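Engineer: Build me a model:
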Amino acid sequence: MPKNYSFAPDFSVESTQGNIWESDSLDKLKKMMKRMNQVSSGFCDLILNDNKNLDMLKAENFDLGLTELFSSCGFGIFHKIGVKKYITILGGSVGSFSDTLLGVKNHPSYIPGETTF
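Structural biologist: Numbers count the residues shown, from 1 in each chain. Got it, this is the predicted structure:
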């Protein structure tokens, strides 16, 4: 975790409360998604520029790295510390976006699409 705690996002109750599905517009959802993207990329920037922690990780000479598919930050860390082998974890079902990325064939007979249930 980066040591710059001033980056803490301001998620007040007022800004996140309410039912976004009751609105006639998706503006609130789009704003929330944009803010989450800003927080995620800002956090990743801090991690990838924390040379002290990256040097400590590099000194461990890891044989294997594990990261989640939903965030590319782990791949950046692996690149910076020299990890050549890694496993990508997907904590949900394989969707049409991820099967191609993972090289998995999409078999609709046993991997349902996102809108089929």
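Engineer: How much space separates N53 from A59?
Structural biologist: Separation of N53 from A59 (CB to CB, to the nearest Å) stands at 11 Å. Where C-beta positions appear, they are placed from N, C-alpha and C, glycine not excepted.
Engineer: More neighbours: these two, which one.
Structural biologist: Of the pair N53 and A59, N53 is the one with more neighbours under other CB atoms under 10 Å, namely 15 against 9.
Engineer: helix, strand or coil for that one?
Structural biologist: helix (DSSP: H, G, I helix; E, B strand; the rest coil).
Engineer: Any regions of the protein where pLDDT drops low?
Structural biologist: Across the chain, the ranges flagged by pLDDT under 70 are 1-22, 93-98, 107-117.
Engineer: what ranges do the helices span in it?
Structural biologist: Using DSSP state H, the helices of the chain run over 13-16, 27-48, 51-59, 73-81, 96-102.
Engineer: deepest of the ones you listed, which one?
Structural biologist: helix 73-81 (a mean of 17; mean count of other CB atoms under 10 Å).
Engineer: Now that helix - C-alpha only, PDB.
Structural biologist: Only the C-alpha atoms of helix 73-81 are listed here, as PDB (Å, rounded to 0.1, in the frame of the first residue of the first chain):
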ATOM      1  CA  CYS A  73      -1.900  -2.600 -11.500                       C
ATOM      2  CA  GLY A  74      -0.600  -6.100 -10.500                       C
ATOM      3  CA  PHE A  75       0.800  -6.600 -14.000                       C
ATOM      4  CA  GLY A  76       2.700  -3.300 -13.700                       C
ATOM      5  CA  ILE A  77       4.100  -4.300 -10.400                       C
ATOM      6  CA  PHE A  78       5.200  -7.700 -11.800                       C
ATOM      7  CA  HIS A  79       6.900  -5.800 -14.700                       C
ATOM      8  CA  LYS A  80       8.700  -3.400 -12.400                       C
ATOM      9  CA  ILE A  81      10.000  -6.100 -10.000                       C
END
